[in-house]
Structure formats: structure tokens, C-alpha cells
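Peer 1: below are the sequence and a predicted model for it; my questions follow.
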Amino acid sequence: IDDQVSDLVSPFKDSALAMERVVLTPEAKAEIICSSAEELELVAENLGQIKDLQEIIEAPEFRGLDKLFPQVTPIETSHVDQMARAEEASARITTLLDKYNIFVNILSEIFISWDHILSTLDAHISALEREKE
């Protein structure tokens, strides 16, 4: 009895396709297909590109690459470590160069100040020597 009631309540419980056949008219199906034409063309184009690339992926040079993964893994780990150290060294070098530039600028300002002081002293001494004469 439960199966009979279940069939009456939900006659399409086993097949969504059967429900679509009854519920959707051919015109509705055609309208759905036409409204998604651009997406279908894009999918077809992508599938064509995948098919073209499949020859490259299945090239003889790539066969047996899975055997090399155990050899590549330590190299990859080493590369990641080296990249981290390189970034750290680059950051340290940048910091040192910034400090060097600040130091050079301070020294330049000091030398300019000393030059101004010495020039002023020289001018005063020259003026005093002229007054003496």
C-alpha cells in the first residue's frame, strides 16, 4: 500500500528525466537550449582547445613522469627554502642600503655645514688680514 501511495504522490521519484519529459514541452526545451547557446559555444570551444592540448600532454616525453616525482620533491623543498632565504637576504640588503643612504645623506649635510663654517671662518680671517694691512 505504501508503494501505491508513494507512486500517486510522486510518480517521478525514480527518474528526473521522466519528469522532464512530461513537464517540459519540446518548445520549452528548445528555448532553454537557445538561451544558453553562448555558453554551449564557449564549452565547445574549450573542449576543442583541450583536445588540441591533449596531444601535448600525452607526448612521449611526458610518459613516466610520475616515476620522477620522488626525485623532484626534495629539489622543490630545497628551492622553496632557497627562495625564502633569498627574499630574506634581499630584505636585509634593502635595509642596509637604506641605512647607508641615510648615513651618506647625514655625512653630506655635515660636510656642507663644515664647508659653510670653514668658508665663513676663511672670509673672516681674510677680512681681518686685510684690516691689518
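Peer 2: Here it is on my side, so go on. Numbering: from 1, shown residues only.

Peer 1: and the helix or strand containing Glu88, average pLDDT?
Peer 2: When elements are assigned from DSSP states H and E, Glu88 belongs to helix 69-132. What helix 69-132 shows for mean pLDDT is 94.

Peer 1: ok, Lys132 - how many residues close by?
Peer 2: 6 (other CB atoms under 10 Å). Backbone N, C-alpha and C define where each C-beta goes, glycine included.

Peer 1: residue contacts, it?
Peer 2: Residues near Lys132 by CB atoms under 8 Å, 6 or more residues apart in numbering: none.

Peer 1: how far away is it from Ile125?
Peer 2: The spacing between Lys132 and Ile125, counted by CB to CB, to the nearest Å, is 10 Å.

Peer 1: and Asp115, by the same measure?
Peer 2: 15 Å.

Peer 1: got it, and Ser119?
Peer 2: Distance from Ser119 to Ile125, counting by CB to CB: 11 Å.

Peer 1: with Ala44 instead?
Peer 2: 93 Å.

Peer 1: over to Glu61?
Peer 2: According to CB to CB, Glu61 and Ile125 sit 83 Å apart.

Peer 1: ok, now Tyr100?
Peer 2: 36 Å.

Peer 1: same check, this time on Ile110
Peer 2: To Ile125, Ile110 is 22 Å away according to CB to CB.

Peer 1: Glu58 now?
Peer 2: 90 Å.

Peer 1: could you do Gln71 as well?
Peer 2: 79 Å.

Peer 1: for Gly48, same thing?
Peer 2: 90 Å.

Peer 1: check the gap between Leu118 and Thr95 for me.
Peer 2: Counting by CB to CB, the gap from Leu118 to Thr95 is 34 Å.

Peer 1: repeat for Arg130
Peer 2: 52 Å.

Peer 1: try Ile110
Peer 2: 23 Å.

Peer 1: quick revisit: so Glu61 and Ile125 - more neighbours on which side?
Peer 2: Taking other CB under 10 Å, Glu61 and Ile125 do not tie; Ile125 has more neighbours (10 against 7).
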